[in-house]
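Participant: dropping the sequence and predicted coords here.
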Amino acid sequence: MQLHNRNRKIAGLVLGFVLLLIVNFLSLVLGYTDLTINTVIDAFNHFDGSNEHIIIQDVRLPRALIGTVVGASLAIAGALLQALTRNPLASPDILGFNAGASFFIVIALMLFSITSLQATTWIAFLGATIAGLLVYFLGSIGRDGMTPIKMTLSGAAIAALFGSLTQGLLVMDESALDQVLFWMSGSVQGRKLEILLSVLPYIVIGIIIALAMANKINILTMGDDVAKGLGQRTGFVKLTAGIAVILLAGGSVAIAGPIGFIGIVVPHVVRTFIGNDYRWIIPYCGILGGIFLVIADIGARYVLMPEEVPVGIMTALVGIPFFIYIARKGGKLA
């Protein structure tokens, strides 16, 4: 029975990976300028410098790959946060990680004119770290210690704080609005492949850490007392998983800006189908998160044709009703 269940989950991963490849290919074909399958294939096999081939290689391929990586990163980060805090509503955007990273990047762009990709990435990590520490500190105050509701409220407060500070900076320097505003809404449009390649090593490290810690996270979800009784160093596990969240969430913001709700929607959907084993949840979240964001990006091209809406708006249209539904159900889908 266990072998059959394992084979079923492996088959699901393979099917999900095939679906991810399909939606990435559709991302190359569909848009304001719809292209044929043969044109896409020729763009890689027989590049001729035509507008269609340039669009495929320089515009659509980077945004498809960025959508895949960012979606996977945010979904895995959300799954880790929900396990660490035992809070079904936890995600990088709800707990303020995205807002913190965004605020620090805006400061770097506006006040210090920092445009280096590597510098921006590390600044995003710093912002996500400070936001996470503040949320943890505020959520742990009181005799009852850290609770899911306190973490959610603390995260909302920190996200609102950094969001307000960011808006204040933009009001003070209206000349920077064009440079920052579209990025702030969360988008994979107009991003170059160099941006992804500069951040990808950190995201890969974050994913590897998450996969390596999966079994320890399974034990941690039983409760700190049980985990300690089984000989687990819970502080080390939480710190290591927290580093993975910072790498994944901060890296995603550095690439595409603050894109919300993927980290809460995808882990809940995954757990509904495969259970609570994080050895499977993490890889499934990676694949489904990539699929979700790429599909959302394709949809963003058609909503206000010929204009595009930021993909962060598309994920919010799905995520906000889902968040309300999960909250009303007490953190469960059914």
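Facilitator: Yep, it's here.
Participant: which residues does residue 265 contact?
Facilitator: Counting by CB atoms under 8 Å, 6 or more residues apart in numbering, residue 265 touches 292, 315, 318-319, 322. Bear in mind the C-beta positions are built from the backbone N, C-alpha and C, glycine included.
Participant: among the residues you listed, which ones are buried?
Facilitator: 292, 315, 318-319, 322 (16 or more other CB atoms under 10 Å).
Participant: tell me which residues of the one helix or strand residue 242 maps to are tucked away?
Facilitator: Assigned by DSSP states H and E, residue 242 belongs to helix 234-256. Neighbour counts over helix 234-256 (16+ other CB under 10 Å) mark 234, 237-238, 240-256 as buried.
Participant: count of neighbours near the residue nearest to residue 258 when sequence neighbours are not counted?
Facilitator: Using CB to CB, 6 or more residues apart in numbering and skipping the chain neighbours, the partner closest in space to residue 258 is residue 98 (3.9 Å). Using other CB atoms under 10 Å, the number of residues around residue 98 comes to 32.
Participant: am I right that residue 98 is in a helix?
Facilitator: Yes - according to DSSP: H, G, I helix; E, B strand; the rest coil, residue 98 belongs to a helix.
Participant: got a list of what it touches?
Facilitator: Taking CB under 8 Å, 6+ apart, one finds 92, 128, 159, 249, 252-253, 258-260 in contact with residue 98.
Participant: if we use 10 Å, what do you get?
Facilitator: Neighbouring residues of residue 98 by CB atoms under 10 Å, 6 or more residues apart in numbering: 74, 77, 91-92, 124, 127-128, 131, 159, 162-163, 186, 249-250, 252-253, 257-260, 263, 312.
Participant: just the ones of the residues you listed in helices?
Facilitator: Secondary structure from DSSP state H places 74, 77, 124, 127-128, 131, 159, 162-163, 249-250, 252-253, 263, 312 of the contacts of residue 98 in helices.
Participant: now, which of those residues sits nearest residue 60?
Facilitator: Using CB to CB, residue 312 is the member of these that lies nearest residue 60, at 18.8 Å.
Participant: what sits closest to that closest one if chain neighbours are left out?
Facilitator: In space, residue 312 is closest to residue 186, 2.5 Å off (CB to CB, 6+ apart).
Participant: for this protein, which residues score under the pLDDT cut-off?
Facilitator: For the chain, the stretches with pLDDT under 70 are 1-2, 4, 144-146, 148, 173-183, 330-334.
Participant: mind listing what's buried along stretch 102-113?
Facilitator: Across stretch 102-113, burial judged by 16+ other CB under 10 Å covers 102-110.
Participant: in JSON lines: those, plus distance to residue 196.
Facilitator: Shown next, in JSON lines, are these (distance: CB to CB, whole Å):
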{"residue": "102", "distance to residue 196": "18"}
{"residue": "103", "distance to residue 196": "22"}
{"residue": "104", "distance to residue 196": "20"}
{"residue": "105", "distance to residue 196": "16"}
{"residue": "106", "distance to residue 196": "21"}
{"residue": "107", "distance to residue 196": "23"}
{"residue": "108", "distance to residue 196": "19"}
{"residue": "109", "distance to residue 196": "19"}
{"residue": "110", "distance to residue 196": "24"}
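Participant: just give me the closest of these to residue 138.
Facilitator: For these, the nearest to residue 138 is residue 103 (16.7 Å; CB to CB).
Participant: the closest one against residue 111, yeah?
Facilitator: No - assessed by CB atoms under 10 Å, residue 103 is found out of contact with residue 111, at 11.5 Å.
Participant: sounds good, over and out.
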